[in-house]
Each structure stands twice: as structure tokens, then as C-alpha cells.
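# This is a predicted model, with the sequence first.
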Amino acid sequence: MTDPVRREVSAAGHAGHVFASKAPGGGPAPAVVLIHGIGASHRYLRRLHRLLAASMDTYSIDLPGFGATPRPGHTLSVADHARYILGATEQLGVSEFVLVGHSMGTQSATEAALQEPGRIQQLVLMGPVVDPKRGTVAQQALALGRDAVFCESPSSNALVLTDYLRCGPVWYFKTLRVMMEYPLVQRLAGVTAPVLVLRGANDPVADADWSRRLAGLVRRGQLVEVQGTGHVVQHTRAVEVRDAILAFTGLRAPAGEPLPGH
């Protein structure tokens, strides 16, 4: 597969980047859109992106202020992020799609599914936050620290750390306040699309009880746990995550495709 094409897209008054890959041969498969979490970028989604792109048109978005995108002049709300996702995909001609969010990206994805429910065919929440049992910044930091030390690979830690450095502490902590205040339980209850909650079985940020609770909030909710990994499950177990997403959308992986680089 060729590398994704980077597009600079301005939408909802802000600039971001979209990395687009067309599935070989086209066909009836839905498009899939991937959303990163706080401080991160498309980079820790690249393995999953490449795998999904063998079956579906795949788009990874760097939200405004993250990755190499311009920093907005004011703090963006979760609703602002959702408006950017919806506006950017509309500009690219992606009218309906499967929306996949990781960590804080699950909040943006949920909000987008509420803002324009007719466009979101299915919603995938990977490592969703914030569990009220870990409802303080200190508790979240402790859980992320445990995850980095005990559950992640050197490559996933390197990707996350370098993206945090690119994000910078000022923007990170402004966005952190937004993340901590978002009422995911209340908002997710209003989603009408089918929802897959996906977690690494060792994830201390999105534990089993919390993930099971979220899956039970919606009429068509499912929970999948990927064994032997933590919060950055889409990087450390990209094949298993790809398979879960394809099964959820009614597709199967193509035989014999190359695995993403390690």
C-alpha cells in the first residue's frame, strides 16, 4: 500500500490535517475515520490505518493544535473537535463513515455521532475516558504512568512521548481540562449508532467495568477486549484491533496482506 496522502483541511474555523488512503479496487465497504487522543496524533494510528486501508477507504485526522497542525487561538471544546471532524470529512466527500476514536478521541467521536447521527454508521471507542472512578488529573496520570511502564511497547511509548513534546504543556493542559469535564456517560446514552467499545485487557485507564458499563448504555453496544496489551491497543495489537473493527462492520480482512512495520 502507498503511504497515506496528507491533506491540509480547514473546517469549522480551524486548520487540521487528514491522512487519506483509498482501498484497492473500491467497492461497497464503508469509509473509516480514525481520531487520536489528547496530546497525540495520527502517528500512533498508522499501523491500524495501513491495515484497515486494505479493506476500506481510511482517513486519519490530526485535530487542530495536535501533531504538526496550527495551534488555535483559544481552547477548543469537544464539540469544536467534533465539528472539525464532520466538516473536514464533508469537504473530502466522505458523507457516511465508521468513526473510531482512541482515549480522548472517543469523546470527539461520540460528540460527532450526536451532532450528525445520520452520517455515523458505526462508532468504535478504543480505551474510552474518563472513568469517574479515576476522575481527577492525579488519578489519570497515575493510570497512564502504570500503562507506560507495565503495558506498552518501547515504540508506543516513543510515539506518545514525542507527540506530547510536540503538543507542548500549555496546549496539553488546556485540553486536559476539557477532557476531564466531558460527561461521556450522559452523552453516549444519546447515541443511536451501533457502538463497539474496545480495550486492551491490561489497560489501567479504561478498565473492564468501565468499558462494560459504556457498552451497556447503548441499544446496540458490544465490548471486545484484546489480550496482552494496554491503553495504546491500536499500536501494540493492530491486527487484532483491525479484525475487531472489520467484524463489527461486517467485513473480513483480505488474505495475505503484509503486516505493519514494528
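Arrived safely, thanks for sending.
# CA atoms for contacts and neighbours, from now on please.
Fine.
# And the residue nearest the centre of the protein?
The chain has Gly101 as the residue nearest its centroid, 2.2 Å off, counting by C-alpha atoms, centre = their mean.
# give me the element that one is part of.
strand 97-102 (DSSP states H and E).
# contacting residues around that strand?
Here strand 97-102 makes contact (C-alpha atoms under 8 Å, 6 or more residues apart in numbering) with 30-37, 106-109, 119-128.
# Helices of this structure, start to end?
Assigned by DSSP state H, the chain shows helices spanning 46-52, 78-91, 104-115, 137-150, 154-167, 169-181, 184-188, 208-215, 233-236, 238-249.
# Just give me how far the shortest one sits from the chain centre.
Chain-centre distance of helix 233-236: 11 Å, with C-alpha atoms, centre = their mean, to the nearest Å.
# related to what we said a few turns ago, pairing-wise in the sheet, spell out the partners of the residue nearest to the centre of the chain.
Ile35, Leu125 (DSSP bridges).
# Look up how far Gly37 lies from it.
Counting by C-alpha to C-alpha, to the nearest Å, the separation of Gly101 from Gly37 is 7 Å.
# Poorly predicted segments of the chain, please.
Where the chain drops to pLDDT under 70, the residues are 1, 26-27, 255-262.
# Spatially nearest residue to Val226 (excluding sequence neighbours)?
Distance criterion C-alpha to C-alpha, 6 or more residues apart in numbering; nearest residue to Val226, sequence neighbours excluded, is Gly200 at 4.8 Å.
# cool, Asp80 as well?
Ala12 (7.6 Å).
# Likewise for Ala82?
Ala112 (4.6 Å).
# quick one: the one you found and Ala88 touch, right?
No. Ala112 is beyond contact range of Ala88, at 11.9 Å (criterion: C-alpha atoms under 8 Å).
# Tell me, how many residues neighbour Gly93?
Using other C-alpha atoms under 10 Å, Gly93 is surrounded by 9 other residues.
# where does it fall, phi/psi-wise?
phi 80, psi 20 (degrees, to the nearest 10).
# what's stretch 121-129 in contact with?
96-104, 106-107, 109-110, 113, 184, 193-200, 203, 205-206, 211, 231-234, 245, 249.
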